[in-house]
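Enquirer: Got a sequence here, can you build the structure:
(4 chains)
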There are 2 protein chains.
Amino acid sequence: MKSFEQATSPSGDTLKDRTLERLQELILTGDLVPGSKLLETQVAAKLDVSRATLREAMIRLSEIGLLVNLPFRGSYIRKLDRLDLQEIYSFRTGLEKMAFQFCWDKRDLISQADLQMRNERLCQCISDNDAYGAIMAELHLHNWCYELSGHSLLLQSWERLKPNLQFYFSMHQKAHDRAGPLRESHDEYIRLAKGDSLDDMLLHLEHHMQQGLENTLSFLDTTS
Amino acid sequence: MKSFEQATSPSGDTLKDRTLERLQELILTGDLVPGSKLLETQVAAKLDVSRATLREAMIRLSEIGLLVNLPFRGSYIRKLDRLDLQEIYSFRTGLEKMAFQFCWDKRDLISQADLQMRNERLCQCISDNDAYGAIMAELHLHNWCYELSGHSLLLQSWERLKPNLQFYFSMHQKAHDRAGPLRESHDEYIRLAKGDSLDDMLLHLEHHMQQGLENTLSFLDTTS
DNA sequence: AAAATAAGAATTGTCGACAATTCATCAATT
DNA sequence: AATTGATGAATTGTCGACAATTCTTATTTT
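Expert: Model (predicted):
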């Protein structure tokens, strides 16, 4: 018997899953203010689902880290401070280095063309001044190495981390309306990812991520 | 206002959490056979909780990977094959390498003494032929670098991965009643972890993990 | 006036019941 | 005989109500 198909997209057709996505969207777009408390009855009514269903969705969001649940005291929208961001970025760096190590020998012409396409989509969004699209395109670009690695645990970890990045990017963008964390700094990334030296790629990753972090960190002094 | 205290031990005093722990224990001890289906009504009755409470616990176990949930079709106890184990070990290797990179400069006499103690506890269990205790002691030993790293995302990832290891060790031990994956092979690990060369430690980690994997993989041919 | 205490309201945790979907059985068709 | 299709049972998904806990506010005490 074939073992269970890992659902490539965990967004099933169950109401709980759709609720999860909608709530996540509400958080990511900033409709729900970081630090504020989520009243289950209220949110359930807003999303037109029962509390039980909402709670099942909230558990997953807590696991991801977008929500902080205190037993009997409620769930709060995650607040990101400078330290949290540093953690996210350093962890992301480590994950992506792993991903490149695993995917390195699996690269071929098809996957390289795929990478190229993702980059072009990103550049297009930047040209169009489409900040939100650019964020998504950048994340999709970075998805490449995880998908290619064929390492489900690694991909899973990245998928869990990604919403946190998206969350911060949205916050950041909302606070300072021009898109911050983006630029054409991916040229080198692409070049090395197609190149022959894994070590160079890994080294560049550290630099690339560090720069991305500093580039975004310099703003975070709005609220303590 | 102080931001939310990350609960150091997520095992809160809520029934859902206790249920999670008990169900996890049932899986880890092998009372529930891998691949078998979990009937919610049945398990809920067995644990003497409502189905809603059980379901909330099961969601978390699905996230960890001990359960596989198929919408409308049920939840199954995870089945580990050779490939899964390889993934777990390679991911674990990457995580622990990250952990040592982060904790390296934080080592001091106190933490080194702590490491020593954990190793001695492991050796004690091995001497006593306490297989289960040795498994726990080994995991606790490896916890050291994650705790010391002070990196919550990293620690979290490890905590999520750990039950899968525990799961396999128990399966393994149940299938071949002598304790398999353990030995005094941690001497070198300890020595290098206390030493001066991070590179040597990282290199040894690859070796240490690879050996641990091979040591356990050689059995897995009981059921396809 | 400040701190401690106690009722009441509000909110989260838990439960049992109903709805939607899948699974098992068996008859009908080719 | 094998495949298809329908019917009923079993199981999961979803809901609304009750119980336990926390928060608020008023009252008392020092």
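
Enquirer: Only C-alpha atoms from now on, for both contacts and neighbour counts.
Expert: OK.

Enquirer: ok, A:Lys194 - contacts?
Expert: With contact taken as C-alpha atoms under 8 Å, 6 or more residues apart in numbering or on different chains, A:Lys194 is in contact with A:Gln112.

Enquirer: any idea how far it lies from A:Trp104?
Expert: 9 Å (C-alpha to C-alpha, to the nearest Å).

Enquirer: Which SSE is immediately downstream of the helix or strand A:His140 falls within?
Expert: A:His140 belongs to helix A:131-149 when assigned by DSSP states H and E. Where DSSP H and E defines the elements, the next helix or strand beyond helix A:131-149 is helix A:152-175.

Enquirer: which residue packs closest to A:Leu141, ignoring adjacent ones?
Expert: Nearest non-adjacent residue to A:Leu141, counting by C-alpha to C-alpha, 6 or more residues apart in numbering or on different chains: A:Arg118, 5.2 Å away.

Enquirer: In three-state terms, how would the one you found be classified?
Expert: helix (DSSP: H, G, I helix; E, B strand; the rest coil).

Enquirer: Now do it against A:Gln101, distance only.
Expert: 20 Å.

Enquirer: higher neighbour count, these two?
Expert: The neighbour count for A:Arg118 versus A:Gln101, taken as other C-alpha atoms under 10 Å in any protein chain shown, is higher for A:Arg118 (20 against 17).

Enquirer: what residues are up against that one?
Expert: A:Ala137, A:His140, A:Leu141.

Enquirer: got the angle between the helix holding A:His140 and helix A:152-175?
Expert: Interaxial angle of helix A:131-149 relative to helix A:152-175 (axes from the mean of the first three to the mean of the last three C-alpha atoms, to 10 degrees): 170 degrees.

Enquirer: show me the contacts for A:Leu47.
Expert: A:Leu47 neighbours (C-alpha under 8 Å, 6+ apart): A:Thr19.

Enquirer: gap between it and B:Phe100?
Expert: Distance from A:Leu47 to B:Phe100, counting by C-alpha to C-alpha: 44 Å.

Enquirer: Any residues of chain A in contact with chain B? List them.
Expert: Counting by C-alpha under 8 Å from any C-alpha of the partner chain, the residues of chain A close to chain B are A:4, A:12-14, A:52, A:56, A:59-60, A:63, A:68, A:71, A:87-88, A:91, A:94, A:98, A:151-154, A:157.

Enquirer: Go through the residues you listed and flag which are in helices.
Expert: Residues of the residues of chain A next to chain B located in helices (DSSP state H): A:52, A:56, A:59-60, A:63, A:87-88, A:91, A:94, A:98, A:152-154, A:157.

Enquirer: So, low pLDDT: which residues of chain A?
Expert: A:1-12, A:177-184, A:218-224 (pLDDT under 70).

Enquirer: most centrally placed residue in it?
Expert: Geometric centre of chain A, nearest residue: A:Lys162, 1.8 Å, by C-alpha atoms, centre = their mean.

Enquirer: so how many other residues sit close to the nearest residue to that residue once chain neighbours are set aside?
Expert: What sits nearest to A:Lys162 in space, not counting adjacent residues and going by C-alpha to C-alpha, 6+ apart, is A:Leu139, at 7.6 Å. Burial measure for A:Leu139: 17 neighbouring residues, criterion other C-alpha under 10 Å.

Enquirer: for A:Thr19, same thing?
Expert: Residues near A:Thr19, counting by other C-alpha under 10 Å, number 22.

Enquirer: my read: it touches A:Glu56, true?
Expert: No - counting by C-alpha atoms under 8 Å, A:Thr19 does not reach A:Glu56; the two are 9.2 Å apart.

Enquirer: Domains in chain A, by residue range?
Expert: A:15-77, A:82-217 (automatic domain parsing).

Enquirer: still on that earlier bit, could you flag which of the residues of chain A next to chain B are buried?
Expert: Buried members of the residues of chain A next to chain B, scored by 16 or more other C-alpha atoms under 10 Å in any protein chain shown, are A:56, A:59-60, A:63, A:68, A:87-88, A:91, A:94, A:98, A:151-154.

Enquirer: For the residues you listed, which two are the farthest from each other?
Expert: By the measure C-alpha to C-alpha, A:Glu56 and A:Met98 form the most distant pair in these, at 31.6 Å.

Enquirer: before we move on, which element is the residue nearest to A:Arg51 when sequence neighbours are not counted in?
Expert: Excluding the flanking residues, the one nearest A:Arg51 by C-alpha to C-alpha, 6+ apart is A:Ala44, at 5.6 Å. For A:Ala44, the host element (DSSP H and E) is helix A:40-47.

Enquirer: Please compute how far that helix lies from its chain's middle.
Expert: 25 Å (C-alpha atoms, centre = their mean, to the nearest Å).

Enquirer: Spell out whether that helix and DNA strand D are in contact.
Expert: No - judged by C-alpha under 7 Å from any atom of the strand, helix A:40-47 stays clear of DNA strand D, getting no closer than 8.3 Å.

Enquirer: which parts of that helix are buried?
Expert: With burial defined by 16+ other C-alpha under 10 Å, the residues of helix A:40-47 counted as buried are A:Glu40, A:Ala44.

Enquirer: mind exporting that helix as PDB, just the C-alpha atoms?
Expert: Extracted C-alpha coordinates of helix A:40-47, given in PDB (Å, rounded to 0.1, in the frame of the first residue of the first chain):
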ATOM      1  CA  GLU A  40     -12.800  34.300  20.400                       C
ATOM      2  CA  THR A  41     -16.500  35.100  20.300                       C
ATOM      3  CA  GLN A  42     -15.900  38.300  18.500                       C
ATOM      4  CA  VAL A  43     -13.500  36.800  15.900                       C
ATOM      5  CA  ALA A  44     -15.700  33.800  15.400                       C
ATOM      6  CA  ALA A  45     -18.600  36.000  14.700                       C
ATOM      7  CA  LYS A  46     -16.500  38.100  12.300                       C
ATOM      8  CA  LEU A  47     -15.500  35.100  10.400                       C
END
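
Enquirer: That one vs DNA strand C: in contact?
Expert: Yes - Helix A:40-47 comes into contact with DNA strand C (C-alpha under 7 Å from any atom of the strand), by way of A:Glu40, A:Thr41.

Enquirer: And the closest residue to DNA strand D within chain A, how close does it get to DNA strand C?
Expert: Nearest residue of chain A to DNA strand D: A:Leu15, at 2.9 Å (C-alpha to the nearest atom of the strand). As judged by C-alpha to the nearest atom of the strand, to the nearest Å, A:Leu15 and DNA strand C stand 10 Å apart.
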